[in-house]
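Enquirer: Starting from these lines, generate the structure:
(one chain, ligands or ions: 2)
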Amino acid sequence: MTETFDLVVIGGGVGGLVTASVAGQLGLRVALVEKSGKLGGDCLHTGCVPSKTLIRSAEIAWAARESGRFGVAAELGRVDLAAVMDRVREVIDTIQVHDDPERFRSYGVDVIFAHARFADAQTVVAGDRRLIGRRILIATGSRPAVPLVPGLAEAGYWTNETVFDQRELPDRLAVMGGGPIGLELAQAFARLGSQVTVLEMAERILPREDPELTAELERQLRADGVDVRTATAVEAVETRDGMRRLHCRSGDEVATIEADHILVAAGRAPKVDGLDLERAGVTVEEGRIPVDARMRTSVRHIHACGDVCGTYPFTHVVEYQAGVVIANVVFRLPKKADYRVIPWVTYTAPELAHVGLTEAAAREQGYAVQIARFRFGDVDRALAEGSTAGLLKMVIYRGRILGASILGPHAGELIHELVLAMQARIKVKHLSGAVHAYPTLAQIHRRAVNTLYADRLYSPMTRRVVGWIQRLVP
Ligand SMILES: Cc1cc2nc3c(=O)[nH]c(=O)nc-3n(C[C@H](O)[C@H](O)[C@H](O)COP(=O)(O)OP(=O)(O)OC[C@H]3O[C@@H](n4cnc5c(N)ncnc54)[C@H](O)[C@@H]3O)c2cc1C
Ligand SMILES: NC(=O)c1ccc[n+]([C@@H]2O[C@H](COP(=O)([O-])OP(=O)(O)OC[C@H]3O[C@@H](n4cnc5c(N)ncnc54)[C@H](O)[C@@H]3O)[C@@H](O)[C@H]2O)c1
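Expert: Numbers count the residues shown, from 1 in each chain. Ligands and ions are numbered 1, 2, ... in the order given. So this is what the prediction gives:
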């Protein structure tokens with residue numbers, strides 16, 4: 001059966017759903033093809049939602065363990081991973097209601113559950129249907145990249161696709177990869193009671209983040225009981241009596257880590273296979289689909305967004321890119337994606353939030369920047385909360401923020417004041433001038449900026465000026 005559509009969307013994750021729902025509600029003839037049998041994609045089923053729900057249970061376990069420090073001394077009973085994962089499932093099911101296929105059908109979207117592939121640049125084959133699209137969107141996401149380590153496949157491992165199905169807490173867990181997925185899950189399992197080792201190949205955890213903050217986060221993770229080993233490569237894995245032995249090398253030193261289970265969190269691979277992209281003439285580079293600023297692939301009427309493009313693989317970025325696709329496809333406006341102000345957050349404890357340029361990136365680009373820093377240990381609310389680790393670091397050029405990183409309590413919430421300031425190109429003097437309620441963590445923004453003015457305010461010159469005013473003005 002051959003049918004014609006204004007827009008054919010491949011992939012029912014964030015990118016595909018946002019685009020299809022808006023285009024459908026605005027009257028375009030839209031087909032949405034999803035192969036997994038359910039809508040929602042990685043974020044809902046195996047990504048953001050389950051990980052953040054698991055982290056919440058881990059926080060509760062940690063709070064019970066630490067309660068004595070707050071004068072409440074609660075007893076932590078047995079951690080029941082099955083019950084924790086049941087709660088994860090409940091949260092997914094609650095959110096899944098928003099992604100009910102019937103809801104999309106009510107918007108006029110033809111939702112098709114099938115594997116999609118290209119027959120040519122205009123035609124997508126989905127089961128026994130041939131969908132001709134005036135425009136086509138590829139939003140097929142990514143899957144875990146699994147390193148080629150001898151013995152790993154035979155030993156078996158978890159990824160984000162299987163970890164949330166587990167029912168028993170492992171005594172010992174080895175995590176390959178010290179990126180956001182690895183660290184969030186490593187700390188969560190450690191807080192729930194597993195003995196966790198993180199094996200990171202690079203010199204430091206979260207290599208894309210500011211090293212000043214990641215060094216402090218590494219110390220915090222260790223204090224939480226996570227054994228973090230950087231510059232460590234897993235060279236081979238063997239299984240003995242059901243136990244995994246990971247043979248690792250760090251420089252000249254070799255070590256063997258024993259674990260009941262291995263979690264692989266070593267990066268993502270865009271899902272481009274099985275799409276027959278060559279039939280459509282869509283270019284694939286280094287395993288991902290490159291796009292221009294209008295989210296167009298090498299074939300102008302075929303767009304791509306989200307993890308399949310391999311840049312900024314975050315839900316909020318996919319959503320933003322879908323907006324660019326909508327502007328171009330639905331409104332035919334030449335809107336371009338602009339990544340100047342993109343925040344992201346790693347949900348460890350403390351959280352690490354970032355937006356814009358790091359200090360190193362700004363200096364590399366030739367900006368003579370000023371750095372404003374303030375530590376949570378000097379913020380009264382952080383003291384009251386008992387969460388004093390971490391700091392705010394702001395990268396400032398000619399009075400405006402080029403970038404900022406926050407390591408600290410609720411950093412993911414706090415960063416948005418700076419996101420808005422950057423987006424609106426507000427000068428930092430306005431952050432300092434804005435009254436911030438006491439005692440809030442948000443005072444850290446104002447206090448960081450004030451450190452820049454302190455030297456000038458209390459300088460001999462200002463003292464002289466004040467002296468003249470006092471003498472001259474009655
Ligand atoms: C553990 C984990 C935690 C994360 N936490 C966060 C977080 O806290 N914050 C954040 O911003 N981001 C987070 N992310 C990243 C976020 O989940 C992704 O960036 C986002 O889900 C990507 O959306 P997408 O639409 O590009 O792809 P997906 O959501 O992966 O959707 C792609 C869809 O396409 C379908 N598909 C693939 N191939 C075909 C085909 N040939 N035919 C038909 N359908 C197909 C797939 O089945 C899937 O449903 C996390 C990711 C992981 C793995
Ligand atoms: N909070 C969030 O927003 C959030 C959370 C989780 C994931 N995500 C998204 O998902 C993406 C993927 O996350 P990720 O953590 O899997 O990937 P990543 O690429 O960010 O980090 C993977 C880490 O694994 C290391 N590594 C690679 N191969 C290795 C090996 N053989 N042995 C040991 N270490 C190895 C890399 O050096 C890197 O530090 C992230 O870039 C992020 O955009 C976001």
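Enquirer: what's the burial count for the residue in the stretch 101-250 of the chain positioned nearest to ligand 2?
Expert: Nearest residue of the stretch 101-250 of the chain to ligand 2: Gly179, at 2.0 Å (Cβ to the nearest ligand atom). Using the backbone N, CA and C atoms, a C-beta is placed for each residue, glycine as well. Applying other Cβ atoms under 10 Å, we find 19 residues neighbouring Gly179.
Enquirer: ok, it touching Arg268?
Expert: No - with contact defined as Cβ atoms under 8 Å, Gly179 does not count as touching Arg268 (9.3 Å).
Enquirer: and stretch 85-97, anywhere near ligand 1?
Expert: No - against ligand 1, stretch 85-97 shows no contacts by Cβ under 6 Å from any ligand atom, the least distance being 11.7 Å.
Enquirer: Which residues of this protein lie near ligand 2?
Expert: Counting by Cβ under 6 Å from any ligand atom, the chain comes close to ligand 2 at 147, 176-182, 184, 199-202, 207, 234, 265-268, 313-314, 344-347.
Enquirer: Take these and keep only those in helices.
Expert: If you go by DSSP state H, these have Pro180, Ile181, Gly182, Glu184 in helices.
Enquirer: Need the pLDDT of Val395.
Expert: Reading off the confidence values, Val395 has pLDDT 98.
Enquirer: For the helix or strand containing Ala360, name the packing helices and strands.
Expert: Per DSSP states H and E, Ala360 falls inside helix 359-364. With contacts taken as 3 or more Cβ pairs under 8 Å, 6 or more residues apart in numbering; DSSP states H and E, helix 359-364 sits against strand 391-397, strand 400-408.
Enquirer: how does it look with 10 Å?
Expert: If you count contacts as 3 or more Cβ pairs under 10 Å, 6 or more residues apart in numbering; DSSP states H and E, helix 359-364 packs onto helix 211-223, strand 391-397, strand 400-408.
Enquirer: For that helix, list every residue counted as buried.
Expert: Glu359, Ala362 (16 or more other Cβ atoms under 10 Å).
Enquirer: Just after it, pick out the following helix or strand.
Expert: Downstream of helix 359-364, the first helix or strand assigned by DSSP H and E is strand 370-375.
Enquirer: how much does that next one deviate in direction from strand 391-397?
Expert: Counting by axes from the mean of the first three to the mean of the last three Cα atoms, to 10 degrees, strand 370-375 lies at 170 degrees to strand 391-397.
Enquirer: what's the angle from strand 370-375 to helix 211-223?
Expert: 20 degrees.
Enquirer: Please list the outside residues in contact with the helix or strand following strand 370-375.
Expert: Next along the chain after strand 370-375, taking DSSP H and E as the criterion, comes helix 380-385. Outside of helix 380-385, the residues within contact range by Cβ atoms under 10 Å, 6 or more residues apart in numbering are 70, 350, 375-377, 379, 387-390, 408-410, 437-444.
Enquirer: returning to what we had before: want to try a markdown table for the helices and strands packed on helix 359-364, with mean neighbour count as columns?
Expert: Output for the helices and strands packed on helix 359-364, formatted as a markdown table (neighbours: other Cβ atoms under 10 Å):
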| stretch | mean neighbour count |
| --- | --- |
| helix 211-223 | 17 |
| strand 391-397 | 23 |
| strand 400-408 | 25 |
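Enquirer: And the residues of the chain next to ligand 2, which of them are buried?
Expert: For these, a burial check counting by 16+ other Cβ under 10 Å picks out 176-182, 184, 199-201, 234, 265-266, 268, 313-314, 344-347.
Enquirer: ok, and which of those reach ligand 1?
Expert: Applying Cβ under 6 Å from any ligand atom to those, one finds that Ile181, Pro313, Phe314, Tyr347 fall near ligand 1.
Enquirer: and the last one, how far is that from Gly267?
Expert: Distance from Tyr347 to Gly267, counting by Cβ to Cβ, to the nearest Å: 18 Å.
Enquirer: Also Asp171?
Expert: From Asp171 to Gly267 the distance is 27 Å (Cβ to Cβ).
Enquirer: which other residues reach the helix holding Ala360?
Expert: 208, 210-212, 356-358, 367-369, 371, 393-397, 402-403, 405.
Enquirer: swap the cut-off to 6 Å and go again
Expert: Val369, Val395, Leu402 (Cβ atoms under 6 Å, 6 or more residues apart in numbering).
Enquirer: Which single one of those residues is nearest to Val291?
Expert: Taking Cβ to Cβ as the measure, Val291 lies nearest Leu402 of the contacts of helix 359-364, at 25.4 Å.
Enquirer: Could you confirm whether any residue of stretch 35-50 contacts ligand 1?
Expert: Yes - using Cβ under 6 Å from any ligand atom, stretch 35-50 comes into contact with ligand 1 via Lys35, Ser36, Gly41, Asp42, Cys43, Gly47, Cys48.
Enquirer: and the residue of the stretch 151-300 of the chain nearest ligand 1?
Expert: Asn160 (3.8 Å).
Enquirer: Let me know how buried that residue is, in neighbour terms.
Expert: The burial count for Asn160: 21, using other Cβ under 10 Å.
Enquirer: cool, Glu154 as well?
Expert: 9.
Enquirer: Chain neighbours aside, what residue packs nearest to it?
Expert: Among residues not flanking Glu154 along the chain, Thr239 sits closest, at 6.8 Å (Cβ to Cβ, 6 or more residues apart in numbering).
Enquirer: go on, Val329?
Expert: In space, Val329 is closest to Arg135, 4.8 Å off (Cβ to Cβ, 6+ apart).
Enquirer: Phi first, then psi, for the one you found.
Expert: The phi/psi pair for Arg135 (degrees, to the nearest 10) reads phi -130, psi 150.
Enquirer: For the stretch 251-400 of the chain, which residue gets nearest to ligand 1?
Expert: In the stretch 251-400 of the chain, the residue that lies nearest ligand 1 is Gly306 (2.2 Å; Cβ to the nearest ligand atom).
Enquirer: what separates that residue from His316, distance-wise?
Expert: For Gly306, the distance to His316 equals 11 Å [Cβ to Cβ].
Enquirer: ok, now Arg208?
Expert: Distance of Arg208 to His316, given as Cβ to Cβ: 17 Å.
Enquirer: quick one, which of these two is more surrounded?
Expert: His316 (15 against 12).
Enquirer: Look at stretch 262-278 and report the distance between its end residues.
Expert: 36 Å (Cα to Cα, to the nearest Å).
Enquirer: buried stuff in it?
Expert: Buried-residue list, stretch 262-278, by 16+ other Cβ under 10 Å: Ile262, Leu263, Val264, Ala265, Ala266, Arg268, Pro270, Lys271, Val272, Leu275, Leu277.
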